[in-house]
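Enquirer: can you look at this prediction? I've put the sequence above it.
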Amino acid sequence: MGQYYNSQKSRGFSRGGGRGRGGRSNYGRFSGNTIHESFFIKKADEIIEEEAYVSEMKFETLDINAVLKQNILKKGYTNPTPIQDKAIIPALQGKDVVGVAKTGSGKTAAFLIPIINKILANPSEKALIIVPTRELAVQISVELKSLAQGTSINSVVCIGGTGLGPQIKSLRYPHNFIIATPGRIKDLIERRAASMQNVKYVVLDEVDRMFDMGFGKDVAFLVDKVPTPRQNFFFSATLSSNIEQLFAKYLVNPIKIDIKTTDGINTIEQDIVRIPKAVKKIDILHDLLIKEGFNKVLVFGRTKHGVKDTHQELVNRGFKADSIHGNKTQAQRQKSLNAFKENKVNILVATDVAARGIDVMDITHVINFDIPATKEDYTHRIGRTGRANKKGTALTFVE
Ligand code: AMP
């Protein structure tokens, strides 16, 4: 790697360090960009050790199925997270739930625990869980399997990028949960391969992402396919007027839980890295990756091809890197993601879509090799670091 090594100083690039500092054009070589670079600069808040959250509910004393309770405790969940504390009891009582919460809040168990409990009492009932990405669907199915271990509960994952045939076949067998991305489940319903009969529970997860990805109409179509009465669980990290309208249309007197108040501190140090004209971004990335503290790094590129090339170049240079992008099959993406999760590689290069919903602990740095297309993409990208009150760093390359 030696030949590529240059100190930050000798390479001549500089971190931004202040709003709007520096002489180069704000929008750089991507003339289409409309995000001002000052948006990418923000100091993290001082992280003050917060007192541990004191929950009102305890899993041990919760009035639920004994096997389910045992599974919860076996997973090491002794105390509920704030969203679980606030959602589970009203949901067990049949209330609709709106959660304004991000991944990492424990929202998956907040909806799975009450739904599993209800289905165990009425095994003919079904739940439909709609999520924006394949990765999130797989993550939820893993959580469901561990929470429903030792029960007769069955689930089917219906996601794009994998063959239709096996999913159609699985749907012919009894199942209590369908965990799906919007496009695929819509397709399966239209082919009459998936039935919404007996679906009593509808979960929409990361609704804002689904709207961003253009699935807003599909989501409404899908909810309309589910017979009433049903119990709804809608989760979104942010609320827009479109989302509020959707919620108002379908929810009946819901309990609304906004956990942003307990989760609002900014743990992400954000800065830009200016790329001098004569220097390649890959060389600057290289210089950063060999610095101390860059232990687990998620690198974002805009295009599949760019991501592929960056990944290959890093491997050529001796880095332990992998990548996820739309040209990979679901199985390949999952393998790469697992390699990153399990620290077999410490660098993952990803496109925005492929990285949505990924939940990997201890990412020290997010590097925006390419500027994100939208502010929402930026927020989503950098949210992969600085989790669980740990400090993270997000660096954006500005040309
Ligand atoms: P989620 O927001 O549902 O993606 O969950 C984030 C992470 O927190 C996952 O790794 C869960 O396994 C974990 N988790 C969820 N609930 C609890 C709990 N009550 N105690 C400890 N860990 C939890």
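Expert: Noted; the coordinates are in hand.
Enquirer: quick check, pLDDT for K260.
Expert: We have a pLDDT of 59 for K260.
Enquirer: whoops, I mixed them up, G357
Expert: Looking at G357, the pLDDT reads 67.
Enquirer: just the C-alphas of stretch 279-299, formatted as CSV.
Expert: Only the C-alpha atoms of stretch 279-299 are listed here, as CSV (Å, rounded to 0.1, in the frame of the first residue of the first chain):
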residue,chain,number,x,y,z
VAL,A,279,-6.2,14.7,-7.2
LYS,A,280,-8.3,11.6,-7.6
LYS,A,281,-11.0,10.9,-5.0
ILE,A,282,-9.9,7.3,-4.7
ASP,A,283,-6.4,8.5,-3.6
ILE,A,284,-7.9,10.7,-0.9
LEU,A,285,-10.2,7.8,0.2
HIS,A,286,-7.1,5.6,0.4
ASP,A,287,-5.3,8.2,2.6
LEU,A,288,-8.3,8.4,4.9
LEU,A,289,-8.8,4.7,5.2
ILE,A,290,-5.3,4.1,6.5
LYS,A,291,-5.7,6.7,9.2
GLU,A,292,-6.1,5.6,12.8
GLY,A,293,-9.7,5.3,13.9
PHE,A,294,-11.2,4.5,10.5
ASN,A,295,-12.1,1.0,11.9
LYS,A,296,-15.4,0.3,10.2
VAL,A,297,-16.2,2.5,7.2
LEU,A,298,-19.3,2.7,5.0
VAL,A,299,-18.5,4.4,1.7
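Enquirer: pull out the buried residues from that stretch.
Expert: Residues of stretch 279-299 classed as buried: 279, 281, 283-290, 294, 296-299 (neighbour count, 16 or more other C-beta atoms under 10 Å). Any C-beta I mention is one placed from the backbone N, CA and C, and that applies to glycine too.
Enquirer: just flag the most distant two among these.
Expert: Greatest spatial distance in the buried residues of stretch 279-299: V279 and K296, 25.2 Å, computed using C-beta to C-beta.
Enquirer: near the ligand, list only the ones from the buried residues of stretch 279-299.
Expert: Within the set of the buried residues of stretch 279-299, contact with the ligand (C-beta under 6 Å from any ligand atom) is found for no member.
Enquirer: looking at those residues, which are in strands?
Expert: V297, L298, V299 (DSSP state E).
Enquirer: tell me where the model's unsure across the stretch 151-300 of the chain.
Expert: Counting by pLDDT under 70, the ranges of the stretch 151-300 of the chain that qualify are 260-265.
Enquirer: where exactly do the strands run in it?
Expert: With strands called from DSSP state E, counting those that start in this stretch, the stretch 151-300 of the chain shows them at 155-158, 177-180, 199-204, 231-236, 255-258, 268-274, 297-300.
Enquirer: same for the fifth one, what does it pack against?
Expert: If contacts are counted by 3 or more C-beta pairs under 8 Å, 6 or more residues apart in numbering; DSSP states H and E, strand 255-258 sits against helix 82-92, strand 97-100.
Enquirer: so which bits of the stretch 51-200 of the chain are right by the ligand?
Expert: Near the ligand, when you scan the stretch 51-200 of the chain using C-beta under 6 Å from any ligand atom, you find Y77, P80, T81, Q84, T103, G104, S105, G106, K107, T108, A109.
Enquirer: just the buried positions in stretch 304-324, please.
Expert: Buried residues in stretch 304-324 (16+ other C-beta under 10 Å): 304, 306-308, 310-311, 313-315, 317, 319, 321-324.
Enquirer: could you pull up the mean pLDDT of that stretch?
Expert: The average of the pLDDT scores along stretch 304-324 is 97.
Enquirer: so which residues make contact with that stretch?
Expert: 1, 4, 282, 285-286, 289, 299, 301, 325-327, 333, 336-337, 339-340, 344-351, 354-355, 369-370 (C-beta atoms under 8 Å, 6 or more residues apart in numbering).
Enquirer: narrow these to those in strands?
Expert: V299, I347, L348, V349, A350.
Enquirer: so which of those residues is the most crowded?
Expert: With neighbours defined as other C-beta atoms under 10 Å, the most crowded of those is V349; it has 32 neighbours.
Enquirer: tell me the confidence at that one?
Expert: For V349, pLDDT reads 97.
Enquirer: residues touching it, list them.
Expert: By C-beta under 8 Å, 6+ apart, the residues touching V349 are V299, F300, G301, V307, T310, H311, L314, A321, D322, S323, I324, F369.
Enquirer: can you list the domain ranges for the chain.
Expert: 24-48+263-398, 59-258 (automatic domain parsing).
Enquirer: so how far is the shortest one from its chain's centroid?
Expert: Between the mean C-alpha location of domain 24-48+263-398 and the chain-wide mean there is a distance of 15 Å, by C-alpha atoms, centre = their mean, to the nearest Å.
Enquirer: which strand residues bridge F234?
Expert: Applying DSSP bridges to F234 gives these bridge partners: V98, L204.
Enquirer: helices or strands next to the helix or strand containing I367 in the packing?
Expert: In the assignment (DSSP states H and E), I367 maps to strand 365-368. Secondary-structure packing of strand 365-368 (3+ C-beta pairs under 8 Å, 6+ apart): helix 281-289, strand 297-300, helix 375-382, strand 392-398.
Enquirer: can you put those in JSON lines and add distance to S152?
Expert: As requested, the helices and strands packed on strand 365-368 are exported to JSON lines (distance: least, C-beta to C-beta, whole Å):
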{"stretch": "helix 281-289", "distance to S152": "48"}
{"stretch": "strand 297-300", "distance to S152": "39"}
{"stretch": "helix 375-382", "distance to S152": "37"}
{"stretch": "strand 392-398", "distance to S152": "41"}
